[in-house]
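*Asks:* here are the coordinates; sequence isn't available:
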């Protein structure tokens with residue numbers, strides 16, 4: 001890992017992106033990971049850029065940016081019209097990656113997502129025509145409007161970063177992140193996402209309604225030309241790949257790993273279905289990204305605690321109607337000691 005830049009760009013530099021510094025002559029090897037300071041500046045740039053489009057919701061923007069750097073997928077669950085789709089578009093535009101959108105409907109077929117083999121009359125052989133899942137940022141809009149068979153088209157893509165069609169496997173581009181939106185109303189017109197699919201989303205987030213002040217600011221920005229139309233990128237695909245490498249190299253000491261294990265263990269003891277090992281991995285990957293974007297090469301228990309509610313809650317199933325996944329995660333954070341009992 002390269003040494004941190006002793007004079008990183010100040011946060012929220014806007015158009016004068018700090019990423020420009022490490023796209024220049026100093027970046028002699030495009031395969032090298034970024035420094036920790038560069039990743040921290042990159043996060044600030046992305047969040048500030050997205051905030052030109054999304055008013056308020058700073059915590060959600062932060063969570064989505066961290067998930068992107070941690071190689072995770074995000075599920076946005078909320079009522080229509082609060083900016084879920086616009087948030088995904090703003091993220092994709094900010095990082096100058098290929099953006100694909102899939103509008104999930106009851107008649108959508110799995111091949112409409114993954115792609116299909118088409119017979120070429122001229123060459124007398126089948127050719128693979130990639131579907132919209134072949135993008136860096138893939139927006140699955142209202143994913144729960146499609147039946148389970150179509151929803152399952154994303155399972156292999158989200159977990160293994162590849163698609164298999166007619167026995168042939170096709171790798172997806174790097175980076176690859178799914179940002180899906182879910183219609184939280186009209187339950188009679190939607191299909192519940194199976195737990196196997198929910199478990200593949202690193203985070204489940206809620207935007208909620210803006211405050212009156214935020215909504216007034218939003219109206220001032222959008223009653224003319226929408227800011228998304230003039231939004232420019234602050235980084236590129238190669239830089240995101242290098243930033244992800246830096247995040248993956250962040251140190252997670254044994255005591256921190258044990259603390260994460262005790263947290264998820266509590267959920268398994270208190271719920272019918274607790275957090276899976278995939279969820280534990282997602283928790284520590286999110287903690288790595290939070291640590292690096294806070295300027296550290298190592299993970300603290302505080303990073304784990306900050307990520308736990310968004311990463312763990314949607315993976316839990318309970319029989320008690322008075323408790324849900326969020327309640328159990330909150331209890332775990334209060335009752336599980338950071339240090340092992342025998343220490």
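*Replies:* Perfect, thanks for sending it. Remember, predicted model here, so these are calculated numbers, not experimental data.

*Asks:* pLDDT score for residue 257?
*Replies:* pLDDT for residue 257: 96.

*Asks:* the closest residue to it other than its chain neighbours: which element?
*Replies:* Nearest residue to residue 257 in three dimensions, chain neighbours excluded: residue 284, at 6.9 Å (CB to CB, 6 or more residues apart in numbering). In this view, the C-beta of every residue, glycine as well, is placed from N, C-alpha and C. If you go by DSSP states H and E, residue 284 is part of helix 277-293.

*Asks:* what's the following helix or strand after that helix?
*Replies:* Beyond helix 277-293 toward the C-terminal end (DSSP H and E), the next one is helix 301-312.

*Asks:* ok now that following helix, how far from the chain's centre?
*Replies:* A distance of 14 Å separates the centroid of the chain from that of helix 301-312, by CA atoms, centre = their mean, to the nearest Å.

*Asks:* give the buried residues for that helix.
*Replies:* Neighbour-count burial for helix 301-312, counted by 16 or more other CB atoms under 10 Å, picks out 301, 303-312.

*Asks:* which of the residues in the worst-scoring helix or strand of the chain on mean pLDDT are buried?
*Replies:* Averaged element by element with mean pLDDT, DSSP states H and E, the chain has its least confident helix or strand at helix 212-222 (a mean of 82). Buried residues in helix 212-222, defined by neighbour count with 16+ other CB under 10 Å: residue 218.

*Asks:* do stretch 56-75 as well
*Replies:* Within stretch 56-75, the residues that qualify as buried are 56-57, 60-75, counting by 16+ other CB under 10 Å.

*Asks:* would you map the helices across this structure?
*Replies:* For the chain, applying DSSP state H gives helices covering 36-50, 58-69, 84-94, 111-114, 148-151, 155-160, 195-198, 212-222, 237-248, 254-270, 277-293, 301-312, 325-335.

*Asks:* weakest of those by average pLDDT?
*Replies:* When I compare the helices of the chain, helix 212-222 is least confident, with a mean of 82.

*Asks:* list the contacts of that one.
*Replies:* 55-56, 209-210, 227 (CB atoms under 8 Å, 6 or more residues apart in numbering).

*Asks:* can you select the buried ones among those for me in PyMOL?
*Replies:* Of the contacts of helix 212-222, the buried ones can be selected in PyMOL as follows, counting by 16+ other CB under 10 Å:
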select buried, resi 55+56+210+227
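
*Asks:* closest to residue 144 among the contacts of helix 212-222?
*Replies:* Ranked by distance to residue 144 (CB to CB), those are led by residue 209 at 20.6 Å.

*Asks:* name the nearest residue to that closest one, ignoring sequence neighbours.
*Replies:* residue 82 (6.4 Å).

*Asks:* can you check residue 294 too?
*Replies:* For residue 294, ignoring the flanking residues on the chain, the nearest one in space by CB to CB, 6+ apart is residue 40 at 6.8 Å.

*Asks:* ok, residue 93 next?
*Replies:* Nearest residue to residue 93, sequence neighbours excluded (CB to CB, 6+ apart): residue 231, at 4.9 Å.

*Asks:* quick check, the one you found in contact with residue 53.
*Replies:* Yes. Using CB atoms under 8 Å, residue 231 is in contact with residue 53, at 6.0 Å.

*Asks:* pick out whichever of these two has more residues nearby.
*Replies:* residue 53 (24 against 17; other CB atoms under 10 Å).

*Asks:* burial measure for the residue lying closest to the more buried one once chain neighbours are set aside, as a count.
*Replies:* Excluding the flanking residues, the one nearest residue 53 by CB to CB, 6+ apart is residue 90, at 4.3 Å. Neighbour count for residue 90, taken as other CB under 10 Å: 22.

*Asks:* quick one: residue 90 from residue 52, how far?
*Replies:* According to CB to CB, to the nearest Å, residue 90 stands 8 Å off from residue 52.

*Asks:* common neighbours of the two, please.
*Replies:* With CB under 8 Å, 6+ apart as the test, residue 90 and residue 52 both reach residue 231.

*Asks:* end-to-end on stretch 149-164?
*Replies:* End-to-end span of stretch 149-164 (CA to CA, to the nearest Å): 15 Å.

*Asks:* try stretch 68-88
*Replies:* 11 Å.

*Asks:* what about that stretch, distance to the chain center?
*Replies:* The chain centre lies 8 Å from the centre of stretch 68-88; the measure is CA atoms, centre = their mean.

*Asks:* and if you look at stretch 108-116?
*Replies:* 22 Å.
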